[in-house]
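A.B. asks: got a predicted structure plus its sequence, pasted below:
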Amino acid sequence: MIQDIATVFWRDWIVLRHRLLKFILSRMVAPVLYMVAFGWGLARSVNTGGGSYLDFIVPGILALNSMNIAFNSLTPLCTERVYHKSLEEYLLAPISASGFIIGKILAAVLRGLISSSIIVVLAWLFGAKLALTPLFIAVLALNCVIFAEAGFCAALIVRNFEDMARFNTYLLLPMSFLCGTFFKTDRLPHAAAFVIELLPLTHASSLLRGINSGAPFSITSAAILLVYAVLLFGACHYIYKSLKNQ
């Protein structure tokens with residue numbers, strides 16, 4: 001299976017390598033706008049209870065960005081399946097389902113981490129303080145895994161590219177603003193806070209922010225993220241095997 005994973009991953013890496021400069025430049029725009037608008041524009045009027053607001057939002061921006069990049073990295077699967085019919089080459093090839101899924105997810109995680117590294121550099125230039133410990137990077141990678149798996153599932157069940165865009169509108173967009181990215185979730189109404197606490201981005205943002213500030217590591221949040229990763233991998237495997245058996 002390792003050879004299967006390497007084959008799928010290498011194909012995506014070749015594509016990324018040829019577009020790497022464009023990828024890097026395009027991923028700099030949104031983080032700069034976030035840090036200017038929220039880190040500088042609102043920094044003086046927001047009280048985080050300790051530390052600067054820029055230090056508070058950068059972990060949230062990293063969680064938000066890695067979510068979007070990892071999810072949208074699997075969007076081409078929809079095009080390959082619905083329009084180009086090139087996904088059938090993988091379905092017919094002697095590549096295991098797990099090898100194909102893991103290869104695609106690792107490629108999406110790589111994109112997410114490259115994009116996150118760009119944000120880290122920009123955050124330092126803006127004066128933010130980040131504790132890039134191995135645990136911080138591991139949580140960031142786990143967040144990428146979860147949303148890459150979600151993107152994989154979405155790309156294989158939608159009927160057209162427009163439906164794929166609806167996943168962004170109805171799933172990613174609400175989480176972007178409500179899951180503790182720019183403010184603490186304890187300020188929400190109890191019913192809304194309960195729902196928000198069930199979503200993975202909330203726990204990824206909380207863990208990254210806690211690690212960065214030196215707060216105790218939340219085993220509960222880490223366990224929730226791991227459960228999401230396992231369940232979504234199972235969903236990816238089931239959906240892909242269903243297509244392969246058709």
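C.D. replies: Arrived safely.
A.B. asks: ok, then the element right after the helix or strand where residue 204 lies?
C.D. replies: Assigned by DSSP states H and E, residue 204 belongs to helix 200-213. For helix 200-213, the succeeding helix or strand toward the C-terminus, using DSSP H and E, is helix 219-244.
A.B. asks: buried residues of that next one, list them for me.
C.D. replies: For helix 219-244, burial by neighbour count (16 or more other CB atoms under 10 Å) applies to 221-222, 224-225, 228-229, 232-233, 235-237, 239-240. Where C-beta positions appear, they are placed from N, C-alpha and C, glycine not excepted.
A.B. asks: off-centre distance for the helix or strand that residue 150 is a member of?
C.D. replies: Applying DSSP H and E as the criterion places residue 150 in helix 134-157. Here helix 134-157 is found 5 Å from its chain centre; the criterion is CA atoms, centre = their mean, to the nearest Å.
A.B. asks: and it, what other elements does it pack with?
C.D. replies: Contacts defined by 3 or more CB pairs under 8 Å, 6 or more residues apart in numbering; DSSP states H and E place helix 134-157 against helix 53-73, helix 75-79, helix 97-126, helix 161-167, helix 200-213, helix 219-244.
A.B. asks: name the residue closest to the centre of the chain, please.
C.D. replies: Centroid check for the chain by CA atoms, centre = their mean gives residue 67 as the closest residue, at 2.1 Å.
A.B. asks: excluding its backbone neighbours, what's nearest that residue?
C.D. replies: residue 147 (4.6 Å; CB to CB, 6 or more residues apart in numbering).
A.B. asks: next one: residue 71
C.D. replies: Nearest non-adjacent residue to residue 71, counting by CB to CB, 6+ apart: residue 151, 3.9 Å away.
A.B. asks: quick one on the thing from earlier: can you list the buried residues of helix 219-244 in TSV and add distance to residue 209 and pLDDT?
C.D. replies: Below are these laid out as TSV (distance: CB to CB, whole Å; pLDDT from 0 to 100):
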residue	distance to residue 209	pLDDT
221	11	93
222	14	95
224	16	95
225	14	96
228	18	96
229	20	96
232	23	96
233	26	96
235	28	95
236	28	94
237	32	92
239	33	91
240	34	89
